[in-house]
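> generate coordinates for the sequence data below:
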Amino acid sequence: MPRYEYRCRTCDDTFELSRPMAESSAPAACPGGHDDTVKLLSAVAVGGSRSAAPAPAQGGGGGGGGCCGGGCCG
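Below is the predicted model of the structure:
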């Protein structure tokens, strides 16, 4: 279940809640019981190494996509 970060406008506390995506915009009370909260935008970092994925094939080997990755380019 995704975690969302919120900030209370009353006490300025920042807190996280685990909730379904469908409820991400629903009101959330802070741990102090205040209802005046706002959902914060969170930056997601995805880690990995450059060697984790193979390099794309060079030359005329099959598959296309060119600049847009799906064949929508002429």
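
> can you pull the contacts of the closest residue to Ser25 other than its chain neighbours?
Leaving aside its chain neighbours, Ser25 sits nearest to Lys39 (6.8 Å; criterion: Cβ to Cβ, 6 or more residues apart in numbering). C-beta here means a position set from N, CA and C on the backbone, and glycine is covered the same way. Lys39 is in contact with Tyr4, Glu5, Tyr6, Ser24, Ser25, Ala28, counting by Cβ atoms under 8 Å, 6 or more residues apart in numbering.

> can you give me the buried ones in stretch 8-26?
Cys8, Phe15, Leu17 (16 or more other Cβ atoms under 10 Å).

> in a markdown table: those, plus secondary structure and distance to Asp35.
Formatted as a markdown table, the buried residues of stretch 8-26 follow (DSSP: H, G, I helix; E, B strand; the rest coil; distance: Cβ to Cβ, whole Å):
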| residue | secondary structure | distance to Asp35 |
| --- | --- | --- |
| Cys8 | strand | 9 |
| Phe15 | strand | 13 |
| Leu17 | strand | 14 |
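
> could I get the pLDDT score of the residue nearest to Ser25?
The predicted structure scores Lys39 at 93 on the pLDDT scale.

> and if you look at the one 4 residues further on?
Listed pLDDT for Ala43 reads 72.
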